[in-house]
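Asks: pasting the sequence and the predicted model now:
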Amino acid sequence: MSNYLYLDTETFSPIPIDYGCYKYVEKAELLLFPYAYNENPVKIWDCTATPMPKDLKYYLSIPDLPWVAHNSQFDRVILEKLLGIYHRPWIDTMVIAYQHALPAKLAQLCEVYKLSQHLSKNKTGQQLIDLFCKPQGKNRKIKRCTRETHPAEWRDFIDYAKSDIASMREIFKRLPKWNCTKEEYRVWQLDQKINERGIQIDYDLCVKAEKAVEDAKEYYNKRLSKITNTVVTKGTQGARIIRYIKDTYDIKIPNMQAPTIIDYLKKDIPDGVKELLKIRQNTSKSSTAKYIKMINSVNSDNRIRGTLQYCGASKTGRWAGRNIQPQNFPRPEFKEKEIEKAIDLLKRGELKEDVPLYCSSMLRGAIISAKGKKLVVPDYASIEGRVLMWLAQEKEALKKYINFDKGIGFDAYVNTYADTFKINPKDVTKDQRQIGKPLSLAFGYQGGVGAFLTFAKSYNINVQKVASMVSLPPDIIEQAEWLYHKLKEWGKPAPLDIHTFTAIDGMKRLWRNDHPHVVQYWKDVEEAAKNAILGYPSYVNNCYFDMKKRWLRIRLPSGRYLQYPNAKVIDDKIQYWHYKYGVDHTYGGPLVENITQAGARDILVFGIFEAEKYGYELVFTVHDELVTEVPDTKEYSLQHLLTILNLLPDWAYGLPLPADGFEGCRYKKED
């Protein structure tokens, strides 16, 4: 039987924890240190009153004794920075929860496992944390509450800290462990190292961009108020802008969404309308708030740490963003050369036009390499589409990928657009290729009109314009129109006019006709999941479906599991429990999406380890992109790293997957 030390830390810092634990710890103080060895009673060290207890000192000195904590990154950083204690191995109950599609918060886990009241996380704990772990408000007489100022509450605080340990210990026993493999433990350990390395920030750029944006928005709002005679006073008042344009210019603009504004700015409209739309465009960029986040979160060495959450996307095991979250930086609205020029102008105080728009587009450029180093950034090309076609054994599509990798033919998004619109791939423009991407992503997972609208919004695509370009066969039009009218009958009217709906639904039908094996794969996966729930495990294309207690599990080709708690088949539909939504439902398409994205994640992990072997140190990852920071020497290059990434794991045999990318001193999104 293994021995464990269960521990937690309660701390005070004037720096908000929202800035990340690495920033927080710069001014942190240790308050309480609750702990328990195995099943022994929970004890606590009041760090404000006594020296460290002898038994705790002994436990901390035992080599290779696993320390169990919830969100161990925080406790590890605290113990390393404040007590100078460096230890391995750690076990993290939050990480185990993430690995098995369970909620991350200890309080939620207590509810999931229905712990008895004496074990469940103390629900008054947040009030006590607000009292002792943070500075008090400006209007409070006592600026900091302590053991001396609030002795009764301090005793409650100690009880709360003890209860956390008891809850965590019980949760650790009950959590599933099938994804707690040696391989995944290595991934998590590397994740912690990556978070520790951090991201170098161009602090000067951040400060100047933040001020420039605020100054520009103030100017734009004053200008807006003047030209509309105070009818509209802020660029964020979209509905008022629409009404003003209608009343003044008799031009009806349907909405203030980015694709609509971009489309109208290309039209022959009065200069006054153009100015209003440009002001709206420049004042609606909330993404520039990330500059403030960068300024607040940066450490003294101009690096931001803790930007990744291992298995944060719990359905697939992909990384999620934390802190500044590079994963959701906006798509640039300018070409890379224009952005580089804008950065130079901004730093010299000479950027005058479209300042918020440019600052939004240059967010990636605020991430730089340290002095004497460079960024080498490979990206797996069309990885989701390739993995999907490989899993579904869609041989014709795979053949196109293989030919493209050999320099023959066109990439997947060009082919998708050309096939959909029945034109020669040679004639597909760069903008049209961008439409091919949401076509592939939306329809590949059994999505329809709604899915396409979601992706179109992300890529600033005007759906009405796309619909006007579509030429569909009569039988496809008939089927799409039938669905439109049926939705109305069912009380679920489509969010579009019949022409636009028919065009998008027709594209969906054409895509499905061109990918029969993917369509069959959706059906096979759904059938396998239902059979597994009913007690009949089965294989589908290298994935194994079974039930473990009340969990539907899908073993991926890599050996890792996806899981769906409390899975049932009710009225021939798959139902399972989701910690955010309660009872949730799924079917073939979303299951295939999870499998595909999880497979892409496992390939990315393999690539990261290969890159690390050769000294390409990862500082963060965005979707299927590796951002590495290396010495600025010839030994390290994009071409060398791409050669390394050509190697795929044995389980991915037959998957065509090249990578491409860039190297330089600033992070960017390639044109």
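Replies: Happy to help now that I have it. Residues are numbered from 1 along each chain as shown.
Asks: where are the low-confidence patches of the stretch 1-150 of the chain?
Replies: 1, 117-123 (pLDDT under 70).
Asks: can you show me the strands along it?
Replies: 5-7, 10-12, 29-37, 43-46, 67-69, 90-92 (DSSP state E, counting those that start in this stretch).
Asks: can you list the strands that the fourth one pairs with?
Replies: When sheet partners are counted by DSSP bridges, strand 43-46 sits next to strand 29-37 (antiparallel).
Asks: what distance do you get for I269 to S286?
Replies: Separation of I269 from S286 (Cβ to Cβ, to the nearest Å) stands at 26 Å. Glycine gets a C-beta too; all of them are placed from N, C-alpha and C.
Asks: list the contacts of the residue minimising distance to the centre of the chain.
Replies: Geometric centre of the chain, nearest residue: A320, 3.9 Å, by Cα atoms, centre = their mean. Residues in contact with A320 (Cβ atoms under 8 Å, 6 or more residues apart in numbering) are 308-309, 312-313, 327.
Asks: mind giving me the domain split of the protein?
Replies: 5-175, 199-368, 395-514 (automatic domain parsing).
Asks: now these in a markdown table, with distance to K668?
Replies: Listed next are those as a markdown table, based on distance: least, Cβ to Cβ, whole Å:
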| stretch | distance to K668 |
| --- | --- |
| domain 5-175 | 24 |
| domain 199-368 | 5 |
| domain 395-514 | 17 |
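Asks: which one of these lies closest to R666?
Replies: domain 199-368 (4.7 Å; Cβ to Cβ).
Asks: what about the closest one, start to end distance?
Replies: Distance between the two ends of domain 199-368: 8 Å, counting by Cα to Cα, to the nearest Å.
Asks: quick one: E10 and L32 touch, right?
Replies: Yes - taking Cβ atoms under 8 Å as the definition, E10 is a contact partner of L32 at 4.1 Å.
Asks: hang on, the earlier thing: can I get the strands of the stretch 1-150 of the chain in a markdown table including mean neighbour count and distance to R433?
Replies: Output for the strands of the stretch 1-150 of the chain, formatted as a markdown table (neighbours: other Cβ atoms under 10 Å; distance: least, Cβ to Cβ, whole Å):
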| stretch | mean neighbour count | distance to R433 |
| --- | --- | --- |
| strand 5-7 | 23 | 53 |
| strand 10-12 | 21 | 51 |
| strand 29-37 | 21 | 55 |
| strand 43-46 | 18 | 61 |
| strand 67-69 | 23 | 47 |
| strand 90-92 | 20 | 42 |
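Asks: point out where the stretch 201-350 of the chain drops to low pLDDT.
Replies: Within the stretch 201-350 of the chain, no range satisfies pLDDT under 70.
Asks: which stretches in it count as strands?
Replies: Along the stretch 201-350 of the chain, the segments classed as strands by DSSP E, counting those that start in this stretch run 303-304, 308-313, 318-321.
Asks: mind listing the shared neighbours of E10 and L32?
Replies: Contacts common to E10 and L32, judged by Cβ under 8 Å, 6+ apart, are 157, 161.
Asks: separation between A370 and E617?
Replies: Using Cβ to Cβ, one obtains 11 Å as the distance from A370 to E617.
Asks: common neighbours of the two, please.
Replies: With Cβ under 8 Å, 6+ apart as the test, A370 and E617 both reach E629.
Asks: which of the contacts of A320 sits closest to Y58?
Replies: Nearest member of these to Y58, counting by Cβ to Cβ, is Q309, at 33.4 Å.
Asks: what number of residues lie near that closest one?
Replies: Residues contacting Q309 under the criterion other Cβ atoms under 10 Å number 22.
Asks: give the bridge partners for it, please.
Replies: Beta-bridge pairing of Q309 under DSSP bridges involves A320.
Asks: who are the contact partners of it?
Replies: Counting by Cβ under 8 Å, 6+ apart, Q309 makes contact with 98, 319-322.
Asks: show me which pair in these is furthest apart.
Replies: Using Cβ to Cβ, the contacts of Q309 span at most 14.1 Å, a distance reached by Y98 and G321.
Asks: ok, the two, which is more surrounded?
Replies: Neighbour totals were compared for Y98 and G321, and Y98 leads with 22 against 18 (other Cβ under 10 Å).
Asks: need the contact list for the more buried one.
Replies: 104, 309-312, 314 are the contacts of Y98 under Cβ under 8 Å, 6+ apart.
Asks: which one of those sits in the busiest neighbourhood?
Replies: Using other Cβ under 10 Å as the neighbour criterion, C311 leads the contacts of Y98 with 26 neighbours.
Asks: you'd agree that one is up against A104?
Replies: No - using Cβ under 8 Å, C311 makes no contact with A104, being 9.5 Å away.
Asks: what is the neighbour count of K347?
Replies: K347 has 14 nearby residues by other Cβ under 10 Å.
Asks: returning to that earlier point: between I269 and S286, point out the one with more neighbours.
Replies: Between I269 and S286, I269 has the larger neighbour count (other Cβ under 10 Å), namely 16 against 9.
Asks: run a quick neighbour tally on the residue nearest to L205 when sequence neighbours are not counted.
Replies: What sits nearest to L205 in space, not counting adjacent residues and going by Cβ to Cβ, 6 or more residues apart in numbering, is A366, at 5.2 Å. The number of residues packed around A366, counting by other Cβ under 10 Å, is 26.
Asks: which residues touch A366?
Replies: 201-202, 205-206, 209, 291, 294.
Asks: and of these, the nearest to A567?
Replies: The closest of those, once distances to A567 are taken by Cβ to Cβ, is M294, at 41.8 Å.
Asks: which residues touch that closest one?
Replies: By Cβ under 8 Å, 6+ apart, M294 lies in contact with 201, 203, 206, 304, 324, 366.
Asks: please repeat the previous calculation with a cut-off of 6 Å.
Replies: By Cβ atoms under 6 Å, 6 or more residues apart in numbering, the contact set of M294 is 201, 206, 324.
Asks: CSV for these, including neighbour count and distance to E593?
Replies: Output for those, formatted as CSV (neighbours: other Cβ atoms under 10 Å; distance: Cβ to Cβ, whole Å):
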residue, neighbour count, distance to E593
I201, 22, 34
C206, 22, 36
I324, 25, 27
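Asks: so which of those sit within helices?
Replies: If you go by DSSP state H, the contacts of M294 have C206 in helices.
Asks: show me which of the contacts of M294 is closest to L641.
Replies: The closest of the contacts of M294, once distances to L641 are taken by Cβ to Cβ, is I201, at 23.2 Å.
Asks: tell me the bridge partners for that closest one.
Replies: Beta-bridge partners of I201, as defined by DSSP bridges: I367.
Asks: wait, doesn't it sit right on D301?
Replies: No - in terms of Cβ atoms under 6 Å, I201 does not count as a neighbour of D301; the distance is 9.8 Å.
Asks: now the helices for the stretch 1-150 of the chain?
Replies: Using DSSP state H, counting those that start in this stretch, the helices of the stretch 1-150 of the chain run over 21-24, 54-61, 72-78, 93-99, 106-112, 125-132.
Asks: what strand or helix carries M547?
Replies: Per DSSP states H and E: M547 is located in strand 543-548.
Asks: neighbouring strands of that strand in the sheet, and parallel or not?
Replies: Strand 543-548 has the following strand partners under DSSP bridges: strand 538-540 (antiparallel), strand 551-555 (antiparallel).
Asks: which one, of the ones you listed, ends up nearest to R76?
Replies: Using Cβ to Cβ, the strands paired with strand 543-548 put strand 551-555 closest to R76, at 29.6 Å.
Asks: surely T416 meets I435?
Replies: No - with contact defined as Cβ under 6 Å, T416 does not reach I435; the gap is 8.6 Å.
Asks: higher neighbour count, the two?
Replies: Taking other Cβ under 10 Å, T416 and I435 do not tie; T416 has more neighbours (30 against 26).
Asks: what is the neighbour count of the closest residue to the more buried one other than its chain neighbours?
Replies: Closest residue to T416 in three dimensions, ignoring its sequence neighbours and counting by Cβ to Cβ, 6+ apart: G436, at 4.1 Å. Using other Cβ under 10 Å, G436 has 23 other residues around it.
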